[in-house]
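K.L.:
Just a sequence and a predicted model for now, questions to come.
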Amino acid sequence: MKLDLTNAKLNEDIHAYQDEVTKAHNWLHEKTGKGNDFVGWVKWPLEYDKEEVKRIKEVASKLKDKTDVVLVCGIGGSYLGARAAIEMINGLYPSNGPEIIFIGNTFSATYLKQVYDHVKDKDIVLNVISKSGTTTETSISFRIFKELVESKYSKEEAKERIIATTDKARGTLKALADEIGYETFVIPDDIGGRYSVFTAVGLLPLALAGIDPDEVLKGSLKAYEDLSDPDLDKNIAYQYAVARRILDKKGYSAEMFVTYELQLASIGEWWKQLFGESEGKDGKGILPTSATFSTDLHSLGQFIQAGRKCLFETLLWVDGMEGDIIFPKEENDYDHMNYLADKKVSWVNEMAMKGTLSAHSDDGNVPNIVIHLDDNSAYSFGYMIYFFFKACGMTCYLLDINPFDQPGVEVYKKKMFKLLGKE
Ligand code: PA5
């Protein structure tokens with residue numbers, strides 16, 4: 001992975017932040033900063049539970065060949081990372097393995113009914129994921145689809161097809177799982193939802209989708225090693241955090257996470273949660289938004305190029321995306337497109353990226369941070385996620401914010417529960 005700040009328009013030396021960065025680095029690594037009960041993710045690539053990962057692989061290999069569909073039931077940090085990984089690594093229309101469908105992330109009855117009708121005559125595995133075990137969106141979907149599984153299979157078979165990923169001791173989901181005897185996986189106490197991709201929260205759905213958890217963890221370990229030095233010259237996660245801090249101070253209130261691949265769009269969704277919930281507190285923070293180019297150049301492109309100068313872009317470019325296609329030659333050239341004949345479409349995409357970067361940055365004066373990732377493998381996914389964790393923790397500490405809580409999320413829940421008549 002490489003970070004390129006050439007077009008970031010910082011106009012300030014990042015090294016001026018070295019002392020602050022070193023202090024915040026020590027808070028993260030020595031567990032002495034705000035929210036220090038939740039920094040279990042920092043050393044997780046070294047210290048993760050090897051036995052649990054072995055069991056994840058065993059359970060996945062036992063179940064994935066006897067099901068048509070895996071329903072992954074969770075919201076926020078309990079599903080966004082798995083979705084981002086599965087789409088990035090397997091693509092949007094994989095030809096092998098069970099279909100993966102995400103539920104538990106909405107109150108849309110329309111969606112739930114569509115999924116229900118789509119899966120009711122298929123073989124199903126249901127992985128419910130909730131640290132608290134009480135999240136309403138997840139609980140509603142879980143009850144509906146648990147009943148479906150129970151109605152389709154014997155008691156014993158249904159029990160085997162439902163897996164709970166939750167707190168090791170607390171919550172109603174844990175109590176139910178213990179009572180019925182579901183296979184359960186643990187979300188560690190010291191890892192919050194949006195920092196949990198490398199636990200069973202992410203790894204079990206990945207394994208069920210045929211992705212090797214070990215490769216993801218290897219990537220995260222390499223990132224841990226590369227990003228454990230507070231020296232700004234060596235640590236690209238901290239460079240990214242400082243660049244964001246400088247742009248924030250310059251008045252940029254929004255950051256647009258941009259990719260050029262449809263199958264990377266869910267990384268943008270995961271990234272928005274990571275930064276939005278971590279940083280958006282105390283009246284501070286940069287609004288995280290995302291876009292997929294060139295698609296969204298035909299909708300948001302005008303604003304970015306010539307609208308209000310409130311945003312900067314962070315461009316994730318994957319150098320070795322898997323899959324390519326050659327643009328065919330037509331003898332009569334009816335559409336005058338033969339100037340691209342025999343060219344790879346990936347090359348066209350790359351030229352679109354280079355042209356857009358120059359248009360936005362040089363002509364539009366929009367700062368651009370560019371991140372290069374080697375490929376869309378499980379290993380690179382693991383590396384990238386850890387990079388963003390580290391950058392996000394640093395960003396929040398530079399703002400004197402607790403990166404690991406989300407008190408603002410409770411406000412809508414209280415009002416909704418009152419309307420729903422919850423005791
Ligand atoms: O990052 C977070 O902590 C949140 O987004 C949670 O993951 C989300 O609210 C789901 O919570 P739970 O896993 O308790 O159902």
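P.N.:
It's in.

K.L.:
alpha carbons only for contacts and neighbour counts from here, please
P.N.:
Noted.

K.L.:
Tell me the buried residues in stretch 55-64?
P.N.:
I56, K57, V59, A60, L63, K64 (16 or more other Cα atoms under 10 Å).

K.L.:
ok so the first one is a strand residue?
P.N.:
Spelled out, it's I56. No. Counting by DSSP: H, G, I helix; E, B strand; the rest coil, I56 is not part of a strand but helix.

K.L.:
Tell me which helix or strand the closest residue to it other than its chain neighbours sits in.
P.N.:
Spatial nearest neighbour of I56, chain neighbours left out: L204 (5.7 Å); criterion: Cα to Cα, 6 or more residues apart in numbering. Using DSSP states H and E, L204 sits in helix 200-208.

K.L.:
Show me what that helix packs onto, helices and strands only.
P.N.:
helix 50-64, helix 80-90, helix 213-226 (3 or more Cα pairs under 8 Å, 6 or more residues apart in numbering; DSSP states H and E).

K.L.:
Break this structure down into its domains, please.
P.N.:
What automatic domain parsing lists as the domains of the chain is 2-33+218-398, 44-211.

K.L.:
Could you see whether the ligand lies near the shortest one?
P.N.:
I take that to be domain 44-211. Yes. Domain 44-211 is in contact with the ligand by Cα under 6 Å from any ligand atom, via I75, G76, G77, S78, S130, K131, S132, G133, T135, G192, G193, R194.

K.L.:
what's I304 in contact with, if anything?
P.N.:
By Cα atoms under 8 Å, 6 or more residues apart in numbering, the contact set of I304 is L311, H360, G364, V366.

K.L.:
CA atoms only for the strand ranked longest in the chain, dumped as CSV, please.
P.N.:
Across the chain, the longest stretch assigned as strand under DSSP state E is strand 311-320. Taking C-alpha atoms only, strand 311-320 is exported to CSV below (Å, rounded to 0.1, in the frame of the first residue of the first chain):
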residue,chain,number,x,y,z
LEU,A,311,-14.6,18.8,0.2
PHE,A,312,-11.5,16.9,-0.4
GLU,A,313,-11.2,13.5,-2.0
THR,A,314,-9.5,10.4,-0.8
LEU,A,315,-9.0,8.1,-3.8
LEU,A,316,-8.5,4.4,-3.3
TRP,A,317,-6.9,3.0,-6.5
VAL,A,318,-6.3,-0.8,-6.6
ASP,A,319,-3.4,-1.4,-9.0
GLY,A,320,-4.0,-5.1,-9.7
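
K.L.:
Off-centre distance for whatever helix or strand comes next after it?
P.N.:
Using DSSP H and E, the helix or strand that follows strand 311-320 in sequence is helix 345-358. Offset of helix 345-358 from its chain centre (Cα atoms, centre = their mean, to the nearest Å): 25 Å.

K.L.:
elements contacting the helix or strand that comes right after helix 345-358?
P.N.:
Where DSSP H and E defines the elements, the next helix or strand beyond helix 345-358 is strand 368-375. For strand 368-375, the contact count by 3+ Cα pairs under 8 Å, 6+ apart identifies strand 2-4, strand 311-320, helix 378-398 as packing neighbours.

K.L.:
so can I have JSON lines of the domains of the chain showing mean pLDDT?
P.N.:
Converted to JSON lines, the domains of the chain look like this (pLDDT from 0 to 100):
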{"stretch": "domain 2-33+218-398", "mean pLDDT": "98"}
{"stretch": "domain 44-211", "mean pLDDT": "97"}
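
K.L.:
Redo those as TSV? Include distance to E423.
P.N.:
Listed next are the domains of the chain as TSV, based on distance: least, Cα to Cα, whole Å:
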stretch	distance to E423
domain 2-33+218-398	27
domain 44-211	14
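
K.L.:
before we move on, back to that, can you say which of the helices and strands packed on helix 200-208 is packed in most?
P.N.:
Each of the helices and strands packed on helix 200-208 was scored by mean neighbour count; the highest is helix 80-90, a mean of 25, by mean count of other Cα atoms under 10 Å.

K.L.:
Pull the residues that contact it.
P.N.:
102, 194, 197, 201-203, 205-206, 209, 211, 263-267, 269-270, 376-378, 381.

K.L.:
returning to what we had before: just the contacts of I304 that are near the ligand?
P.N.:
Near the ligand, by the rule Cα under 6 Å from any ligand atom, you find none of the contacts of I304.

K.L.:
Which single one of those is nearest to H298?
P.N.:
H360 (13.9 Å; Cα to Cα).

K.L.:
How many residues are close by the closest one?
P.N.:
When counting by other Cα atoms under 10 Å, one arrives at 20 neighbours for H360.

K.L.:
before we move on, what about T172?
P.N.:
T172 has 15 neighbours, counted by other Cα under 10 Å.

K.L.:
And S78, by the same measure?
P.N.:
By other Cα under 10 Å, the residues close to S78 number 30.

K.L.:
List the contacts of it.
P.N.:
S78 is in contact with I129, S130, K131, G193, R194, S196, V201, G202, counting by Cα under 8 Å, 6+ apart.

K.L.:
could you redo the last one with a cut-off of 7 Å?
P.N.:
I129, S130, G193, V201 (Cα atoms under 7 Å, 6 or more residues apart in numbering).

K.L.:
now N235
P.N.:
L227, D229.

K.L.:
hey, where'd the helices end up in the stretch 51-200 of the chain?
P.N.:
In the stretch 51-200 of the chain, the helices defined using DSSP state H, counting those that start in this stretch lie at 80-90, 109-119, 136-152, 155-161, 172-180, 200-208.

K.L.:
count of neighbours near K272?
P.N.:
K272, neighbours per other Cα under 10 Å, totals 20.

K.L.:
quick one: what helix or strand has it in it?
P.N.:
Per DSSP H and E: helix 265-279 holds K272.

K.L.:
Packing partners of whatever helix or strand comes next after that helix?
P.N.:
As assigned by DSSP H and E, the chain's next helix or strand after helix 265-279 is strand 287-292. Counting by 3 or more Cα pairs under 7 Å, 6 or more residues apart in numbering; DSSP states H and E, the packing neighbours recorded for strand 287-292 are strand 254-259, helix 265-279.

K.L.:
For the ones you listed, give me JSON lines that also has distance to K50.
P.N.:
Formatted as JSON lines, those follow (distance: least, Cα to Cα, whole Å):
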{"stretch": "strand 254-259", "distance to K50": "33"}
{"stretch": "helix 265-279", "distance to K50": "25"}
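
K.L.:
Out of these, which gets nearest to Y48?
P.N.:
That would be helix 265-279 among those, by Cα to Cα, at 20.8 Å.

K.L.:
Sort out which one of the contacts of I304 lies nearest the ligand for me.
P.N.:
L311 (24.5 Å; Cα to the nearest ligand atom).
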